[in-house]
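I would like to see how this sequence folds:
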Amino acid sequence: MDASELTGLAAPLQQSAADMNDPRQHFAWALNSFPSPNQQMGDVPIHPMVRPLMSQLLWDFGFRHDPELQTKWLIPGDHPEAGYLNVPAVVDAEQYEQWAAVHADPDLANEKWRDTAEALLGKLDPKMLDRINNMTPEQRAAAAEMQREQLPAAFERLAQLKKQAEGEAK
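Modelled structure (predicted):
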């Protein structure tokens, strides 16, 4: 488990990436939200840590996905910075194909994520964004290396906190 999964800020599991033989992924891609009884409020997001458990439960009940019968698809919402609160839209095949055609270029997707991250950082810490934008390529490389070295310890700490939270929840 990585930090993005712990925080819920990861891009949700896409149907095309789900291992349909893994009970914890078989339905997790579809379990992004519940319909709200009040549609003015929008759908109710499901936390990413719960999705594999719900998927496993559905699997254990005997449910299986049949792509031949699928009539609805998911497309990501417009606010990836919102993490799991960015509820995807449920669309028909034609709308999904239109979306997929527009988003087929991975470089475009990476650029969108970068722009979104910069906009979010600009709101949270504009001075930090200015420092980053004013770095030389050498300074950026050095900062990236330093962060790369710190990531394993940060992920380990998040995993410890998750275990602690799960223990307290029992």
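
Name the nearest residue to Ser33, sequence neighbours excluded.
Closest residue in space to Ser33, ignoring its immediate chain neighbours: Asp43 at 3.9 Å, by C-beta to C-beta, 6 or more residues apart in numbering. C-beta here means a position set from N, CA and C on the backbone, and glycine is covered the same way.

What score does the one you found have for pLDDT?
pLDDT recorded at Asp43 is 87.

Start the count at 438 instead of 1 going forward.
All right, first residue 438 from here; so that's Asp480.

residues contacting it?
Taking C-beta atoms under 8 Å, 6 or more residues apart in numbering as the contact definition, Asp480 lies against 470-473, 524.

From the contact counts, what lies against the longest helix seen in the chain?
The residue-count maximum for a helix in the chain (DSSP state H) belongs to helix 574-606. In terms of contacts (3 or more C-beta pairs under 8 Å, 6 or more residues apart in numbering; DSSP states H and E), helix 574-606 is packed against helix 440-444.

now the helix it packs on: mean pLDDT?
53.

What count of nearby residues applies to the nearest residue in space to Phe464 that is not next to it in sequence?
Setting aside the residues directly before and after it, Phe464 is nearest to Ser492 in space (C-beta to C-beta, 6+ apart), at 4.0 Å. By the criterion of other C-beta atoms under 10 Å, Ser492 has 23 neighbours.

Which secondary structure state does Ser473 sit in?
coil (DSSP: H, G, I helix; E, B strand; the rest coil).

is it true that it touches Gly479?
Yes - using C-beta atoms under 8 Å, Ser473 is in contact with Gly479, at 6.1 Å.

In this protein, where is pLDDT below threshold?
438-448, 543, 546, 606-607 (pLDDT under 70).

Reformat the contacts of Asp480 as JSON lines; add distance to Pro517 and neighbour count.
JSON lines is the format used below for the contacts of Asp480 (distance: C-beta to C-beta, whole Å; neighbours: other C-beta atoms under 10 Å):
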{"residue": "Ser470", "distance to Pro517": "15", "neighbour count": "19"}
{"residue": "Phe471", "distance to Pro517": "21", "neighbour count": "11"}
{"residue": "Pro472", "distance to Pro517": "22", "neighbour count": "9"}
{"residue": "Ser473", "distance to Pro517": "21", "neighbour count": "12"}
{"residue": "Val524", "distance to Pro517": "12", "neighbour count": "21"}
